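S.K.: return atomic coordinates for the entry below.
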Amino acid sequence: MTPSSGSLMPIPQHDITGVLSTVNGSTKWGIFISFFNLVYGYLLVASQLRPDPRQDSWLLMRSPLPTYVLSVAYVVGVTWLGPRLMAYRKPMESLRPFMVVYNAFQVVFSFWLMYESGMGGWLTSYDIRCQPCDFSDSPEALRMLHATYWYYFSKFVDFLDTVFFVLGKKYEHISLLHVVHHSLMPVSMWFGVRYQPGGHSTLMGFLNSFVHTVMYLYYLLAALGPRVRPYLWWKKYLTTLQMLQFIAIMIHSVQLAFIECKVPTQITWWVCGNACMFLVLFASFYQQAYIREMTTPRHMDLIGGFNQSSNVSRVTRLEVPRGDILTGCRRKMCGEGQFCPRMRPTPVD
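M.R.: Numbering: from 1, shown residues only. This next block holds a predicted model:
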């Protein structure tokens, strides 16, 4: 999948600078959020809770540092190194089959994670109001333990979302929301799995796996091409579903302050804080993409960010001053099936 030297093409220098400056704006925030979660985990979780001995020999579970390094490498790779390697190359045009396979895998994987965490407690014996973690070797506890570990592992698989954006040169999709979401999840999930691999805080993984099942089903359909596009009218409701997920997680965490429950507050407030931050970012996207849709074309979608599909209508972009990238188009036809570009900068969340 590495572009050959024959795929090089000249791009105006101001266009390259504009693209890279926009993408690079998410680099520092992605690194900062990952580091903040690492420090929080060390100071307020690892120093006060005992690690689960059942996973001492598992891959990546001895220390959070390898997970942190992988998260930082992801941020640098997709916001700095990748765009520079692709700067003078054409977008890869053979990604659709890989995206179809990838999204189909994510649908099955996410559904399996939801089912396993459900059968590990949330659809069987868990108490929605207060559920301490079970560290025993009972079949249900071990099932939830494995479900949480594979949910943590899935956060690395999700990195491929952004890799496809870089290879397709869809840099406008690498938003602050997208980078922050993907960079903080592995580190925060490491501490969750290592110290509370079950119980109250795992509702987040259960709900998120359901949302990801629906989300990747949408992207699978979108990657199949224009024939299914008329059936993708529900993307707005997908964003709403994601926000409802965060609201439910926040309520589920906050209600512990009003009852007596032997659940570590370090984990629940961490989950609640991240859910609150994501709710704000997703609400900002929702306002920009849908509430203002009377003046902004509906060309974006959300994957902790945006639409993966390469089958959207072609857009003619204007050459613009340094630091600006134009997105969007009017519904007026311009030339051979292309839409006229509209002078509207890409929002930065």
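S.K.: so what's the gap between stretch 40-60 and the chain middle?
M.R.: Relative to the centre of its chain, stretch 40-60 is centred 24 Å away, using CA atoms, centre = their mean, to the nearest Å.
S.K.: now stretch 77-92
M.R.: Between the centre of stretch 77-92 and the centre of its chain there are 20 Å (CA atoms, centre = their mean).
S.K.: buried sites along it?
M.R.: Under the neighbour-count criterion of 16 or more other CB atoms under 10 Å, stretch 77-92 has G77, V78, T79, G82, P83, M86, A87, R89, M92 buried. For glycine as for every other residue, the C-beta is placed from the backbone atoms N, C-alpha and C.
S.K.: what's the separation between the third one and V157?
M.R.: So the one you mean is T79. 19 Å (CB to CB, to the nearest Å).
S.K.: swap in the first one?
M.R.: To V157, G77 is 15 Å away according to CB to CB.
S.K.: give me the nearest residue to F159, chain neighbours excluded.
M.R.: Once flanking residues are discounted, F159 sits nearest to Y74: 5.1 Å by CB to CB, 6 or more residues apart in numbering.
S.K.: give me the element the one you found is part of.
M.R.: Taking DSSP states H and E as the definition, one finds Y74 inside helix 65-76.
S.K.: just after that helix, pick out the following helix or strand.
M.R.: Downstream of helix 65-76, the first helix or strand assigned by DSSP H and E is helix 82-85.
S.K.: list the helices and strands that following helix packs on?
M.R.: helix 13-24, helix 160-167 (3 or more CB pairs under 8 Å, 6 or more residues apart in numbering; DSSP states H and E).
S.K.: in terms of secondary structure, what does the next helix or strand along the chain from the longest one contact?
M.R.: Next helix or strand after helix 13-24 toward the C-terminus (DSSP H and E): helix 27-40. Helices and strands in packing contact with helix 27-40 are listed as helix 65-76, helix 176-195; criterion 3+ CB pairs under 8 Å, 6+ apart.
S.K.: roughly how far does A257 sit from W269?
M.R.: For A257, the distance to W269 - CB to CB - is 9 Å.
S.K.: hmm, back to that, does the residue nearest to F159 touch L160 like I think?
M.R.: No: Y74 lies out of contact with L160 (CB atoms under 8 Å); the separation is 10.2 Å.
S.K.: this completes my enquiry, with thanks.
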